[in-house]
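*Asks:* Predicted coordinates and the sequence they were generated for:
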Amino acid sequence: MKAIADILKEIRPEFDFTTSNDFMADGMLDSFDMVTLVSTLDKTYGISIEGTQIVPENFQNLQTIEALVRKYGVQL
Amino acid sequence: MNFTYHNKRISGILTVVPAQERAFVEEMRNFNFPEARSLKLKEVMGYDKRRMVESGVCVSDLAVFGLQSLFDRGLLKKDEIDALLMVTVSPDYFTPPTSNIVQGRLGLKQDMLCLDINQACAGFVIGLMEAFMLLEQESVKKVVLINADVVSRKASPKDRNIYPLIGDAAAITILERDPNGSTIYANLKMDGSRADALKIPAGGCRLPSSPETAVMEDVGDNNLRAKDHLYMDGTAIFNFVQLEVPPMIESLLKTAGVPIESVDYFLCHQPNRFMLQKLADKMKVPHAKMPNNVVQHFGNSSGATIPTAITFNLAEQVKKGHVQACLAGFGGGLAWASMLVRLGELSFCEMLDYPNAQK
């Protein structure tokens, strides 16, 4: 299973996502990256993350993103 | 708030789009943003081509062009029009109303109502509701609803949040009485406490346009925008749509006693492909029943996107027969409204290009 960190690296190759606890505050992800990330997660894991879940709190760091995809039954 | 209408119908729809086409791949270098990320965004949001007026073209120009075409081809008669509603957030002037300008330019009769309505992305459904209410009056037999916007003229070319998705268009919808018409159901909600989420801060009386309001400011995420430009809190609008629209439609169908499977098409306002796919998934509606290709081909033209979706995707179907359509508009205000209506047979359903100026 592809790791979330690798997916993030494809979207923003200039950052190391394993070193931050708040991607938004650290300027590593903006709202459009969040949309790109959701689309990639949907395709990669065969899920559809609900629109109401696309809020900054769920994309704060690797742990919150992993928790989000696990809600859809994805085993990481 | 619920509404019902009886013995009314939509009898024709014409959408006018500027002939000038802009391609996202050519415009993306205007944004202070890496090309690879723009291309990813293009794929997800559906940005590709959009229609944009040339400098100086106003909503009345698009509307007059479209109506004149209907008169010339005998699809509408001037004297039949008892009311002309113009729904726009980009009028020609503060005053006079753009509807009166259209009336005057076309030489329509004096014995009629001209009315401007300031509504944005919910403006098609709200305009239909107003038109159906007018048709309750004995003296009103035919209403022309115009949803027209040239918001590209108020969007910053350096704002990646807005500029790539904006399109210009005018939609002309004819409404009349129909003794055999089936019941039309509608509902709407408004929330002015969230009005700042979609706004042009300057240019009104609160903050008149000035050299200061024209200054481009760095507004974050590498975007530049002036106070004279349209601002949208994309995250707030996205969440508003995902949270409010599904229960609104559910409530509409429940009131009408119509199961969701019986709806042939969910014709929603067209903000971008991603938002509509998420909306369809949330409502468990197949993507094919909720067209999402207007931004891709024409751009988001505010209240004109639903008629654009109809004329672009369903023209032949609604000219030959009818479909059970659930319309949903949502956006500035904030306002959200939906309508369950039998659409068809229409006497015309088409798109026209507004020609570029001769050079």
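*Replies:* Sure, I can see it.

*Asks:* Centroid-nearest residue for the chain?
*Replies:* Because you didn't say which chain, this covers chain A. Nearest residue to the geometric centre of chain A (C-alpha atoms, centre = their mean): A:Ile65, 4.8 Å.

*Asks:* not what I meant, chain B
*Replies:* B:Gly303 (1.7 Å).

*Asks:* show me the contacts for that one.
*Replies:* Residues in contact with B:Gly303 (C-beta atoms under 8 Å, 6 or more residues apart in numbering or on different chains) are B:87-89, B:119-124, B:127, B:147-149, B:171, B:329. Where C-beta positions appear, they are placed from N, C-alpha and C, glycine not excepted.

*Asks:* Just the ones of those in helices?
*Replies:* Per DSSP state H, helices hold the following members of these: B:123-124, B:127.

*Asks:* can you list those residues in TSV and add pLDDT, neighbour count and distance to chain A?
*Replies:* Listed next are those as TSV, based on pLDDT from 0 to 100; neighbours: other C-beta atoms under 10 Å in any protein chain shown; distance: C-beta to the nearest C-beta, whole Å:
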residue	pLDDT	neighbour count	distance to chain A
B:Gly123	97	33	23
B:Phe124	98	30	22
B:Gly127	98	27	26
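
*Asks:* And the helices in the stretch 1-150 of chain B, which stretches?
*Replies:* Under the criterion DSSP state H, counting those that start in this stretch, helices of the stretch 1-150 of chain B are mapped to B:24-27, B:35-45, B:59-72, B:98-106, B:123-134.

*Asks:* most tightly surrounded among those?
*Replies:* Greatest average neighbour count among the helices of the stretch 1-150 of chain B goes to helix B:123-134 (a mean of 25), per mean count of other C-beta atoms under 10 Å in any protein chain shown.

*Asks:* okay, B:Val341: pLDDT?
*Replies:* B:Val341 carries a pLDDT value of 98.

*Asks:* Could you measure from it over to B:Lys278?
*Replies:* Computed as C-beta to C-beta, to the nearest Å, the B:Val341 to B:Lys278 distance reads 24 Å.

*Asks:* low-scoring pLDDT stretches of chain B, where are they?
*Replies:* By pLDDT under 70, the low-scoring segments of chain B are B:358-359.

*Asks:* which residue does it bring closest to chain A?
*Replies:* Per C-beta to the nearest C-beta, B:Gln242 is where chain B lies closest to chain A, at 3.1 Å.

*Asks:* Tell me, how many residues neighbour that residue?
*Replies:* Each residue near B:Gln242 was counted by other C-beta atoms under 10 Å in any protein chain shown, and the total is 20.

*Asks:* who are the neighbours in contact with it?
*Replies:* A:50-52, A:54, B:275, B:278-279, B:282.

*Asks:* Reformat those as TSV; add distance to B:Leu224 and neighbour count.
*Replies:* Formatted as TSV, the contacts of B:Gln242 follow (distance: C-beta to C-beta, whole Å; neighbours: other C-beta atoms under 10 Å in any protein chain shown):
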residue	distance to B:Leu224	neighbour count
A:Glu50	33	15
A:Gly51	29	22
A:Thr52	31	14
A:Ile54	26	22
B:Met275	24	26
B:Lys278	29	24
B:Leu279	30	23
B:Lys282	34	17
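
*Asks:* Using CSV, lay out those together with distance to A:Asn21 and secondary structure.
*Replies:* Shown next, in CSV, are the contacts of B:Gln242 (distance: C-beta to C-beta, whole Å; DSSP: H, G, I helix; E, B strand; the rest coil):
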residue, distance to A:Asn21, secondary structure
A:Glu50, 24, coil
A:Gly51, 25, helix
A:Thr52, 24, helix
A:Ile54, 20, coil
B:Met275, 29, helix
B:Lys278, 27, helix
B:Leu279, 32, helix
B:Lys282, 30, helix
